[in-house]
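**Student:** Can you look at this prediction? I've put the sequence above it.
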Amino acid sequence: MKEVTGDRWEYGKCFHHEQTSCRTYIVHSKPVHFWDAGRWHEVDTNWQLSSRPGFAYEMVAAGYQVWAAQNLRATPFLVVRRRGVEKAYTLGGVIWKGRWGQRKKVANLPNASVNQVRRDALLVKDFVLKGVTLQVIADPVRPVVLAEVGANALEKITKWDWQDDQVPALTVDLVPYSGGVWGAMLGVATNYPGETADGEIYGQNNGTYATARSTSTATDTASTTLRVGQNCSGGVIFTVYRGYLSFDTSAIADSFSVETATLYVCADSDLSFTDFLVKVYRFAWAEALGGGNQEANYDGAYGGSATLEGTLQDTATAWTAGTYYSLAVTPAGVNKTGDTKYTLVSSRDVDGTQPSGNEYVFARTADYAGTGSDPYMAITVAPAGYAAIF
């Protein structure tokens with residue numbers, strides 16, 4: 001008798017009898033195969049040593065994937081990925097219950113670690129009491145943590161005044177983890193601070209405004225502020241300032257979708273006698289900002305491959321030092337594999353309106369003292385199909 005692998009399905013197998021040419025179909029109550037890369041694979045629910053940073057064990061060939069830490073107090077302790085969606089858990093309190101479900105005793109989670117692996121269960125021997133074995137079982141929809149209570153431990157537990165005919169059972173609460181990247185999947189915004197690669201590029205020309213707009217002069221990535229806008233000095237020296245921001249958003253899991261993204265920029269001084277709109281463009285400018293990249297970065301700050309996100313602030317309304325101004329930007333524009341980058345440009349620069357005096361403002365960069373004035377992005381993400389899967 002030989003298995004016909006082409007006739008597999010999620011819950012069963014087909015076998016061919018060579019002598020009789022008959023087929024036997026065996027149906028299981030649980031999935032025995034999972035579909036991947038165009039074929040059915042055997043479900044393997046055995047735990048293995050993990051190669052994923054921060055985790056000691058993994059189960060990755062079961063039609064879903066699970067990672068578990070060594071220490072029970074790890075945050076998160078358990079991560080389950082099903083159909084590309086990850087959900088994370090920590091372990092909560094230790095709960096003893098009677099047969100009818102009455103909660104009899106609740107204790108804090110001890111500082112213990114997984115010390116044995118038994119095929120599809122991670123075990124913690126002598127958990128809480130000698131003779132109690134905690135088991136972590138990674139069901140794809142709802143993992144469970146329960147315990148076997150040995151006779152010696154049971155004898156000690158009965159001194160806790162259980163009611164007649166009750167045999168106590170032990171469980172550990174599984175708590176959805178809301179920290180780090182997994183916190184964002186619950187709708188909590190995660191802040192991504194600006195990088196010190198940010199700064200400004202300006203173009204300057206004595207006599208010709210159009211040349212100042214089209215040709216860069218210098219870059220500054222070391223100052224604690226950057227300038228946005230234009231200037232005319234002495235009636236003949238024209239300067240155009242463009243700001244550049246960068247945020248490392250690579251920590252967002254590829255399987256998550258970005259739900260909302262908001263850019264925050266902290267204002268510094270205002271030298272604008274002629275007001276303008278501070279425009280935000282999404283533009284993947286090259287690092288380093290200056291050097292051989294300077295001209296291309298200057299020219300690409302708006303138009304071309306840059307995408308207008310909107311107006312951060314109208315300086316006629318306010319540009320107050322120490323105040324954050326914000327703009328909701330396109331979620332799809334967030335780069336989950338690297339840096340998300342923007343430029344700050346004056347609306348009068350974009351329109352090609354020649355300045356007659358000072359019309360620029362300062363914004364604080366990631367180099368500003370402390371972190372309370374850094375530019376940052378507040379981002380919320382969610383796993384695709386979250387509501388349908390879990």
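**Tutor:** Okay, I see it.

**Student:** From Asp268, how far out is the nearest residue to Ile26 once chain neighbours are set aside?
**Tutor:** If the residues on either side of it in the chain are set aside, Ile26 comes closest to Lys13, at 5.1 Å by C-beta to C-beta, 6 or more residues apart in numbering. Bear in mind the C-beta positions are built from the backbone N, C-alpha and C, glycine included. Using C-beta to C-beta, to the nearest Å, Lys13 is found at 69 Å from Asp268.

**Student:** returning to what we had before: quick one: what helix or strand has the residue nearest to Ile26 in it?
**Tutor:** Element membership of Lys13, judged by DSSP states H and E, is strand 12-16.

**Student:** Please apply the same query to Thr380.
**Tutor:** strand 376-383.

**Student:** Quick check, pLDDT for the residue nearest the centre of the chain.
**Tutor:** Taking C-alpha atoms, centre = their mean, the centroid of the chain lies closest to Ile252, which sits 3.0 Å from it. Note for Ile252: predicted pLDDT of 79.

**Student:** Test my guess that it contacts Pro331.
**Tutor:** No: applying C-beta atoms under 8 Å as the test, Ile252 and Pro331 come out as separate, 10.7 Å apart.

**Student:** what touches both of those two?
**Tutor:** Common contact partners of Ile252 and Pro331 (C-beta atoms under 8 Å, 6 or more residues apart in numbering): Val258.

**Student:** residues near the nearest residue to Ala332 once chain neighbours are set aside, how many?
**Tutor:** Leaving aside its chain neighbours, Ala332 sits nearest to Val258 (7.0 Å; criterion: C-beta to C-beta, 6+ apart). Residue neighbour count, defined by other C-beta atoms under 10 Å, stands at 20 for Val258.

**Student:** next one: Glu309
**Tutor:** 20.

**Student:** How far off centre is the helix or strand encompassing it?
**Tutor:** Here Glu309 sits within strand 307-314, counting by DSSP H and E. Relative to the centre of its chain, strand 307-314 is centred 25 Å away, using C-alpha atoms, centre = their mean, to the nearest Å.

**Student:** cool, and stretch 209-218?
**Tutor:** For stretch 209-218, the distance to the chain centre is 39 Å (C-alpha atoms, centre = their mean).

**Student:** Confirm Asn293 sits in a helix?
**Tutor:** Yes: assigned with DSSP: H, G, I helix; E, B strand; the rest coil, Asn293 falls within a helix.

**Student:** could you list every residue that touches Pro31?
**Tutor:** 10-11, 43, 63.

**Student:** before we move on, the earlier item: tell me the confidence at the residue nearest to Ile26?
**Tutor:** 82.

**Student:** how near is it to Ser21?
**Tutor:** Counting by C-beta to C-beta, the gap from Lys13 to Ser21 is 18 Å.

**Student:** what does the strand holding Glu309 contact?
**Tutor:** Contacts of strand 307-314 (C-beta under 8 Å, 6+ apart): 263, 265, 267, 275-283, 302, 319, 325-330, 333, 342, 344, 347.
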